[in-house]
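Student: With the sequence up front, the predicted model follows.
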Amino acid sequence: MRRIDVGLLPDNALDASTAFMAFHLEAARATLAEADCSALAIVLPPAAHDHRDWRMALARDLAREAAPKRVNVIAGLPGEAREATLRFVSDAPGVTGQYLLCHE
């Protein structure tokens with residue numbers, strides 16, 4: 001499984017969505033286009049509840065676009081919960097298009 005880590009995003013949900021699409025979407029698509037990539041995890045920082053919709057849409061729509069390759073979006077601070085979630089999606093070939101939140 002390949003992984004893209006997104007550092008900081010704006011606090012405002014609309015601004016964060018715009019920033020992701022402008023600065024990270026093409027990198028995700030390029031990674032998925034690589035022959036040796038069968039799955040991608042996009043790791044985002046935690047955010048307020050109003051970010052949920054755009055993040056779910058990102059996971060769902062990018063997974064549909066990339067099928068049969070898998071795409072999942074994971075949000076959380078660095079730590080064991082996030083690493084366990086990444087291991088789970090890496091080992092779960094049927095899991096795609098999900099937005100997963102990790103809490104320590």
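Tutor: Nice, thanks for sending it over. Numbers count the residues shown, from 1 in each chain.
Student: use CA for all of it now, contacts and neighbours both
Tutor: Will do.
Student: Need the residue in the chain that's farthest from the chain's center.
Tutor: What lies farthest from the middle of the chain is A35; by Cα atoms, centre = their mean that is 19.5 Å.
Student: and that residue, which of the three is it?
Tutor: Under DSSP: H, G, I helix; E, B strand; the rest coil, A35 falls in the coil class.
Student: can you list the weak-confidence ranges in the protein?
Tutor: Within the chain, the ranges that satisfy pLDDT under 70 run 104.
Student: Could you list the buried residues of the host helix or strand of D15?
Tutor: For D15, the element it lies in under DSSP states H and E is helix 13-23. Buried positions in helix 13-23, judged by neighbour count with 16 or more other Cα atoms under 10 Å: 13, 16-17, 20.
Student: And stretch 71-84, by the same measure?
Tutor: In stretch 71-84, counting by 16+ other Cα under 10 Å, buried: 71-77, 82.
Student: Farthest-apart pair in the residues you listed, please.
Tutor: V71 and L77 (19.4 Å; Cα to Cα).
Student: got the residue ranges for the strands in this structure?
Tutor: 2-5, 39-44, 70-75, 98-101 (DSSP state E).
Student: out of the ones you listed, deepest packed?
Tutor: Neighbour counts (mean count of other Cα atoms under 10 Å) averaged over each of the strands of the chain peak at strand 70-75, with a mean of 26.
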